[in-house]
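>>> no sequence on this one, just coordinates:
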């Protein structure tokens, strides 16, 4: 069955370190998204991609970057982790032209 | 700007009672609307979606939602709540650049 996976599921890191969260989907979807979830804020869009080599900033993109070198993967990089980036991160994908997104299980990131 | 409002942060209902979770959106065109459910420590599961057509949509787990354009609302309902329905519920509007979520409503179910 097609799925979307995220790794690691949990990570603890220190302020200032670079961190990369992986997202891999086997739906063969063109569109991929990264969200963060925080209490009182719901989910907010960080970055999104409509296809290989395409990336776009979302609502809360400062301090984050993504790259899309193939259809299946959209890794999220925190250039220099900050305590404010402690959150749960969700990756999602959707088919071209569709608004229906399928979510991964999430990565809980703690920045100390 | 597009936005989604879920007025109720937390709702408590008795098992077997009916449920309605409110959702209001702000969007100029005909919206794509979604309800997702999140159990503690889990990812998001799609309950139902509205794209067009019949304004009453059926979803999984016995949930339904009604799209009312005049009220800019997309309220989620269930006639009889089960203890396993305790979770966080998110309403979202679909845009080309991604989903805009409400802040969620936490549902507690008591015996």
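Right, received. Where do you want to start? Just so you know, these numbers come straight off a predicted model, no measurement behind them.

>>> What are the contacting residues of the lowest-mean-pLDDT helix or strand in chain A?
Every helix and strand of chain A was ranked by mean pLDDT, DSSP states H and E. The lowest is strand A:102-103, at a mean of 92. If you take Cβ atoms under 8 Å, 6 or more residues apart in numbering or on different chains as the criterion, strand A:102-103 is touched by A:4, A:25, A:27, A:29, A:90-94, B:36, B:43-46. No exception for glycine: its C-beta is placed from N, CA and C like everyone else's.

>>> Most neighbours among those, which one?
residue A:91 (29 neighbours; other Cβ atoms under 10 Å in any protein chain shown).

>>> Could you confirm whether the host helix or strand of that one reaches chain B?
Secondary structure from DSSP states H and E places residue A:91 in strand A:87-94. Yes. Shown here: strand A:87-94 in contact with chain B (Cβ under 8 Å from any Cβ of the partner chain) through A:90, A:92.

>>> Show me which residues of chain B are close to chain A?
Close to chain A, as judged by Cβ under 8 Å from any Cβ, chain B has residues B:32, B:34, B:36, B:42-46, B:49, B:51, B:90, B:94-104.

>>> Let's see that with 7 Å instead.
Residues of chain B lying close to chain A by Cβ under 7 Å from any Cβ of the partner chain are B:32, B:43-44, B:49, B:90, B:94, B:97-99, B:101-104.

>>> Which residue is the nearest non-sequential neighbour of residue B:73?
residue B:24 (5.3 Å; Cβ to Cβ, 6 or more residues apart in numbering or on different chains).

>>> and residue 86, what pLDDT?
With no chain named, the answer covers chain A. Here the pLDDT value assigned to residue A:86 is 97.

>>> looking at chain B here, not the other one
96.

>>> Can you give me the neighbour number for the residue in chain A that chain B sits nearest to?
Nearest to chain B in chain A, going by Cβ to the nearest Cβ, is residue A:99, at a distance of 3.1 Å. If you count neighbours by other Cβ under 10 Å, residue A:99 ends up with 20.

>>> do the one 3 residues further on as well
By other Cβ under 10 Å, the residues close to residue A:102 number 20.
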